[in-house]
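Visitor: Provide a 3D model corresponding to the input given below.
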Amino acid sequence: MEPDAPPGRAARRASEDPARSPGRARPTAFVVRARRERARETAVAAARLLDEEGCFRFRVEDVAVAAGVAKGSVYLDHGGKASLVGGALGWACDEYKFFWYEDPFRDGGVSMHAHRKLRQLIKTPLLQLEHLRGLESHVDFIEAEATDFVRGDPDYDGGVTGTMKIAHATEGFGLDVELHGPGPIRRHIMASIRNTNYYEMGLVHPKLKPFGSPVYKNYRDTLDAIDKNGCVDVPEGPGLGVEIDWDYIYKHKTDGTEYK
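Guide: Take a look at the predicted model:
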């Protein structure tokens with residue numbers, strides 16, 4: 001497929017606005033896009049919406065307005081924990097042209113039938129499969145027309161090889177794969193495929209600690225790692241391109257087995 005080839009029919013469903021269409025080319029092969037549009041302001045605004053128990057109580061339009069970003073550049077991921085009916089929240093996402101709606105049900109994202117029915121009720125594209133593992137389950141979900149975007153995770157889907165299989169299979173259906181969470185492995189995978197959109201710089205809420213343990217030297221996945229163009233670099237050293245901090249690892253070691 002040519003690098004500038006248009007996305008398939010299912011991916012085109014994502015939007016009537018070309019600015020929101022999946023599969024756009026990234027600036028270079030060594031840079032991947034990150035969610036940046038007023039990301040810090042979004043996190044601060046979201047913090048004001050926390051109740052005493054640390055739970056979100058909000059209206060979709062409140063988040064879109066508080067974030068101060070253009071329609072079509074916000075997406076929703078409540079991890080399958082919303083107390084509202086998926087369709088009701090989906091219609092609110094439709095009004096503000098959310099880029100996608102992730103994990104809409106409390107079933108853990110396993111019902112193909114339920115998600116296919118939801119796709120028939122709302123216009124906002126669904127992103128699914130964070131909670132299902134492996135190539136076969138991903139392809140089954142796609143073939144059942146139960147999602148528009150596909151989640152892949154090298155931690156859970158068979159490492160780099162398994163995730164690349166999912167990415168290529170997804171591209172064969174004309175869809176995009178979105179990698180779950182940040183990290184050097186994700187950056188390398190994103191730089192090697194065309195059918196992806198956003199680097200998930202997750203858990204940037206001001207009340208949370210940085211994502212993951214600091215096991216790498218001279219590497220970070222925080223808001224200040226995003227450049228003025230909304231991109232993050234792909235490490236260029238040997239292997240994953242990052243240096244492992246063995247001093248930190250041994251200092252925090254809890255157990256281990258030595259093979260000779």
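Visitor: What segments of the stretch 151-260 of the chain are helices?
Guide: For the stretch 151-260 of the chain, applying DSSP state H, counting those that start in this stretch gives helices covering 159-172, 184-192, 246-251.
Visitor: Identify, out of the ones you listed, the most deeply packed stretch.
Guide: Highest mean neighbour count among those (mean count of other C-beta atoms under 10 Å): helix 184-192, with a mean of 20. For glycine as for every other residue, the C-beta is placed from the backbone atoms N, C-alpha and C.
Visitor: Report the angle between that one and helix 159-172.
Guide: Counting by axes from the mean of the first three to the mean of the last three C-alpha atoms, to 10 degrees, helix 184-192 lies at 30 degrees to helix 159-172.
Visitor: Does helix 184-192 pack against any helices or strands, and if so which?
Guide: strand 31-33, helix 159-172, strand 176-179 (3 or more C-beta pairs under 8 Å, 6 or more residues apart in numbering; DSSP states H and E).
Visitor: Just send the ones you listed back as JSON lines, with distance to residue 106 and mean pLDDT too.
Guide: Shown next, in JSON lines, are those (distance: least, C-beta to C-beta, whole Å; pLDDT from 0 to 100):
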{"stretch": "strand 31-33", "distance to residue 106": "30", "mean pLDDT": "44"}
{"stretch": "helix 159-172", "distance to residue 106": "24", "mean pLDDT": "98"}
{"stretch": "strand 176-179", "distance to residue 106": "21", "mean pLDDT": "97"}
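Visitor: how about the ones you listed, which one is nearest residue 256?
Guide: helix 159-172 (21.2 Å; C-beta to C-beta).
Visitor: what's the closest one in contact with?
Guide: Here helix 159-172 makes contact (C-beta atoms under 8 Å, 6 or more residues apart in numbering) with 1, 134-135, 138-139, 142, 150, 152-154, 157-158, 176-177, 179, 185, 188-189, 192-196.
Visitor: and with 7 Å instead?
Guide: The contact list for helix 159-172 (C-beta atoms under 7 Å, 6 or more residues apart in numbering) reads 134-135, 138-139, 142, 150, 152-154, 157, 176-177, 185, 189, 193, 195.
Visitor: gap between the residue lying closest to residue 148 once chain neighbours are set aside and residue 145?
Guide: Leaving aside its sequence neighbours, residue 148 sits nearest to residue 125 (C-beta to C-beta, 6 or more residues apart in numbering; 3.5 Å). From residue 125 across to residue 145, the span is 12 Å (C-beta to C-beta, to the nearest Å).
Visitor: Of these two, which one has the most company?
Guide: Taking neighbours as other C-beta atoms under 10 Å, residue 125 and residue 145 compare with residue 125 leading, 25 against 14.
Visitor: Can you give me the separation between the closest residue to residue 139 other than its chain neighbours and residue 162?
Guide: Spatial nearest neighbour of residue 139, excluding adjacent residues (C-beta to C-beta, 6+ apart): residue 169 at 5.4 Å. Residue 169 sits at a distance of 11 Å from residue 162 (criterion: C-beta to C-beta).
Visitor: picking that back up, mind checking which of the helices and strands packed on helix 184-192 is nearest residue 253?
Guide: helix 159-172 (22.9 Å).
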